[in-house]
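Peer 1: When you get a sec, could you give me coordinates for this:
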Amino acid sequence: MIIQFIIFLLDILLINVVFIISFYIRYGLPLPQSNFMTYKHNFAFLTFSYMLAFALTKVFKKRFISRWDVSKRISMGMFMGTLFGFMLVYIFRLKWAAFPSSVFAISLPLGVIMISACNITVLRIAKRIIKRLVIIGKEEIESLLGNDVPLEKIYIEKIEDILKLYDIDEIIICEKVHDDSQLNLLLFLLLKSKVQVTFSPSLYSDILSGNLIEENSVEFIATFLGKKSEWEEFMIRTVDILAALCLFIVTVPIMLFVALVIKITSKGSIFYIQERTGKDGKIFKLIKFRTMMDGAEKNTGPVWATSEDKRVTPVGKFLRQTRIDEFPQLLNVLQGHMSMVGPRPERPHFAKLHKALRGIRMAVKPGLTGLAQIRSSYGLQPRHKIKYDYLYIQRRSALLNIYLMLKTIPVMFLRKGI
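Peer 2: Next up is the predicted model:
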């Protein structure tokens with residue numbers, strides 16, 4: 001309680017410092033008394049509205065799982081507090097008429113930055129940013145954990161033992177689920193609680209073969225594994241739309257030039273439109289620049305593409321190495337068929353042949369790039385793709401998507417086949 005009280009008092013001070021700085025940024029010195037006096041006479045009401053917003057968004061809770069968790073709650077609190085502030089201005093417009101709206105606009109980002117930085121510093125010193133993990137089994141899983149935040153690891157032998165614990169952030173399963181009662185408990189945790197459930201990479205082969213549980217393990221768990229909170233899904237979709245729009249505008253001149261080069265250098269259409277399997281097995285039309293000779297699969301039928309595929313044109317080889325051939329898929333992202341990041345969309349023919357390309361991989365939208373693509377080569381086989389795709393699906397978030405998009409940039413410039 002002491003740390004929470006300290007942060008509460010600190011935030012009261014900081015929110016007023018933020019408003020004073022915002023007035024200075026807006027007007028400079030000396031501050032106009034007609035405007036500043038409105039704040040001076042009513043700062044207590046304004047402070048109360050922001051502290052109420054912080055309480056509602058749980059800025060003062062006892063423990064946080066990451067610095068992002070702290071910043072996210074402060075961001076929501078500042079936004080809600082700003083709305084409360086506008087309401088005060090409207091309700092008491094006779095007394096607050098001189099309060100400038102521009103100060104609210106300046107204080108919002110400034111408050112997020114300053115208050116987040118201070119709260120995170122205090123919480124880290126007090127060791128209140130820590131993630132509580134429950135690990136079922138005795139496997140070493142350090143590669144899954146990362147080094148971003150301190151971890152409290154609790155090892156147990158059975159899923160039932162979780163019921164004896166409280167205040168858990170994540171469960172990592174390193175042992176097979178042996179019976180229906182354990183599976184039902186696992187599904188309860190996935191559906192009813194906010195606990196994230198992650199499978200160790202050592203179990204991927206068991207998930208794939210259906211041996212994690214007795215029957216239908218892949219389809220049963222796929223329903224829940226890729227699902228995130230409504231807020232996280234909203235943020236992922238927002239990142240998709242913003243990134244796709246920006247990239248589409250920037251790459252339009254490049255795409256026009258590429259279309260002209262393809263038309264001049266080889267026979268056939270400029271674009272290659274093909275059926276692909278998306279989320280939940282739904283079929284959609286994927287669009288990309290044509291990189292192979294016209295009618296390349298007329299005699300061979302669907303076959304795996306490789307980095308040394310002789311059907312690929314000289315221009316097509318360059319387009320693949322730089323991923324320029326994927327640029328038209330930005331339209332698929334804007335249509336909602338794809339995400340910027342995710343497992344690559346497979347052709348229905350190959351999805352039917354390889355169980356690795358179904359199940360959990362279809363629990364999320366396919367992506368234009370992904371973990372498998374930045375780590376490996378163009379002709380990656382299903383058994384290798386599955387490890388990267390499962391790991392991404394369990395960890396997917398808006399921040400991870402931004403990170404993977406940034407990691408894709410050097411891959412494009414280094415011309416690594418992906």
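
Peer 1: Low-confidence stretches in this structure?
Peer 2: Across the chain, the ranges flagged by pLDDT under 70 are 138-149, 175-194, 199-227, 229, 295-310, 353-361, 375-385, 413-418.

Peer 1: For the nearest residue to V261 once chain neighbours are set aside, give its distance to K228.
Peer 2: Spatial nearest neighbour of V261, chain neighbours left out: V315 (5.8 Å); criterion: CB to CB, 6 or more residues apart in numbering. Quick note: C-beta positions are derived from backbone N, CA and C, even for glycine. Using CB to CB, to the nearest Å, V315 is found at 39 Å from K228.

Peer 1: more neighbours, those two?
Peer 2: Using other CB atoms under 10 Å as the criterion, V315 and K228 rank with V315 on top: 19 against 15.

Peer 1: related to what we said a few turns ago, could you say which helix or strand holds the residue nearest to V261?
Peer 2: helix 314-322 (DSSP states H and E).

Peer 1: all strands for the protein, in order.
Peer 2: 131-136, 151-156, 170-173, 196-199, 271-277, 283-289, 339-341, 367-369 (DSSP state E).

Peer 1: any chance of those in TSV, with distance to L31 and mean neighbour count too?
Peer 2: As requested, the strands of the chain are exported to TSV (distance: least, CB to CB, whole Å; neighbours: other CB atoms under 10 Å):
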stretch	distance to L31	mean neighbour count
strand 131-136	44	21
strand 151-156	47	14
strand 170-173	48	21
strand 196-199	48	20
strand 271-277	59	17
strand 283-289	56	18
strand 339-341	45	28
strand 367-369	49	25
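
Peer 1: Turn those into TSV, columns for distance to T47.
Peer 2: TSV is the format used below for the strands of the chain (distance: least, CB to CB, whole Å):
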stretch	distance to T47
strand 131-136	32
strand 151-156	35
strand 170-173	36
strand 196-199	35
strand 271-277	54
strand 283-289	51
strand 339-341	40
strand 367-369	44
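
Peer 1: just the helices in the stretch 101-250 of the chain please.
Peer 2: 101-125, 142-145, 180-192, 204-209, 217-225, 230-265 (DSSP state H, counting those that start in this stretch).

Peer 1: Would you mind measuring from the residue lying closest to T238 once chain neighbours are set aside to F248?
Peer 2: Leaving aside its sequence neighbours, T238 sits nearest to A398 (CB to CB, 6+ apart; 7.4 Å). Noted for A398: a distance of 19 Å to F248, by CB to CB.

Peer 1: Compare these two (neighbour count), which wins?
Peer 2: A398 (20 against 16).

Peer 1: got a list of what that one touches?
Peer 2: E232, M235, I236, T238, V239 (CB atoms under 8 Å, 6 or more residues apart in numbering).

Peer 1: go again using 6 Å as the cut-off
Peer 2: M235, I236, V239 (CB atoms under 6 Å, 6 or more residues apart in numbering).

Peer 1: repeat for T313
Peer 2: S266.

Peer 1: and if you look at L391?
Peer 2: Going by CB under 6 Å, 6+ apart, the list of residues near L391 is empty.

Peer 1: Next up, phi/psi of F92, please.
Peer 2: phi -110, psi 50 (degrees, to the nearest 10).

Peer 1: Spatially nearest residue to it, not counting backbone neighbours?
Peer 2: N42 (7.9 Å).

Peer 1: And for that neighbour, the neighbour number?
Peer 2: 16.
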